[in-house]
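S.K.: Need coordinates for the following:
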Amino acid sequence: MRSIAPSDNAKLLTKLLVIVVAMFAFGYALIPIYRALCEALGINVLAKAEWMDQKSGNSSQTGPWLNTQVDTSRNIAVEFDANDGIKWKLRADQSLIKIHPGELTTVYYEFTNLQDKVVKVQAIPSYAPQYAGNFFQKIECFCFRQHSIPAKGTIRWPVVFFVDKKLPEDMKVLTLSYTIFELPM
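M.R.: Sure thing, here's the model as predicted:
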C-alpha cells in the first residue's frame, strides 16, 4: 500500500483553494455579465443611462432616471367608481386621472362605516370595458384582503397600479369600480 506524503496533501490543498477562489471569482463576475447581457438583449431594462429633466422633459445629467417602461406617446383616462351601500360610503379621492401606459400611479379610496358596530368587509373590483382588467395591474390594493372597520370609523386605502403598455390603442378610457361586501364576523 502506498503512503501519502505531506507534499501530496499540500498539492491537494493548493488545488482545492484554487478551485474555491475561481468559483468565488466566477460568482462575483456573474453580476456585471448578467447586466451586460440583459442590456444587450433588451431584457429587464427599467432605466436608460440618460437622465430626464422633469421640468423641461429634455435629457440632462440631473434629475431622476428615465423609465423606459412608460409609453409617453399616449394618454389613458382612468375613472374611479365605487358602489355605496346604506351602511357605508366608499369614495375615491379623484374620480378621473390621465396617465401614460406603464406609469406607476397611486389613488386613495376613503371608506366610512356608517353603522354603530364594527364591520368586516371585502372589496371586489370590476372593470369597464370588461377585458380592461387584463391590462390593469394592481401592485397594492385594499381589495387583496378583508378589513375590520370600527363603528363610525373612516379609513383611507391606497391603490397602486399601472396600465400595461400592451393595452390596445383604441382603448382610451378605463373604469375601475369597487363593490363592498359585508362578511360575517
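
S.K.: Just give me the residue closest to the centre of this protein.
M.R.: residue 139 (4.3 Å; Cα atoms, centre = their mean).

S.K.: dump the residue contacts of that residue.
M.R.: 104, 160-162 (Cβ atoms under 8 Å, 6 or more residues apart in numbering). Every C-beta, even on glycine, is put in place using the N, C-alpha and C of the backbone.

S.K.: Mind doing that once more with 10 Å?
M.R.: Residue 139 makes contact with 104-106, 158-162, according to Cβ atoms under 10 Å, 6 or more residues apart in numbering.

S.K.: what lines up beside the strand or helix carrying it in the sheet?
M.R.: Here residue 139 sits within strand 136-140, counting by DSSP states H and E. Paired strands of strand 136-140, with direction, are strand 154-163 (antiparallel) (DSSP bridges).

S.K.: next SSE after the strand it pairs with?
M.R.: Moving toward the C-terminus from strand 154-163, the next helix or strand (DSSP H and E) is strand 173-183.

S.K.: buried sites along that next one?
M.R.: Judged by neighbour count using 16 or more other Cβ atoms under 10 Å, the buried positions of strand 173-183 are 174-176, 178-180.

S.K.: want to try TSV for these, with pLDDT as columns?
M.R.: Converted to TSV, the buried residues of strand 173-183 look like this (pLDDT from 0 to 100):
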residue	pLDDT
174	92
175	93
176	92
178	91
179	89
180	88
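
S.K.: Just send these back as CSV, with distance to residue 135 too.
M.R.: Below are the buried residues of strand 173-183 laid out as CSV (distance: Cβ to Cβ, whole Å):
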residue, distance to residue 135
174, 8
175, 13
176, 11
178, 18
179, 21
180, 24
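
S.K.: can you tell me the helix or strand for residue 22?
M.R.: In this assignment (DSSP H and E), residue 22 forms part of helix 6-41.

S.K.: Quick check: mean pLDDT of that helix?
M.R.: For helix 6-41, mean pLDDT is 87.

S.K.: next one: stretch 119-127
M.R.: 91.

S.K.: Now do it: distance to the chain's middle.
M.R.: Computed by Cα atoms, centre = their mean, to the nearest Å, the chain-centroid distance of stretch 119-127 equals 21 Å.

S.K.: Flag every buried residue along it.
M.R.: Under the neighbour-count criterion of 16+ other Cβ under 10 Å, stretch 119-127 has 119, 121, 123, 125 buried.

S.K.: Show me which of those is closest to residue 133.
M.R.: Of all these, residue 125 has the smallest distance to residue 133: 7.6 Å, by Cβ to Cβ.

S.K.: Surely the closest one is within a strand?
M.R.: Yes: under DSSP: H, G, I helix; E, B strand; the rest coil, residue 125 falls within a strand.
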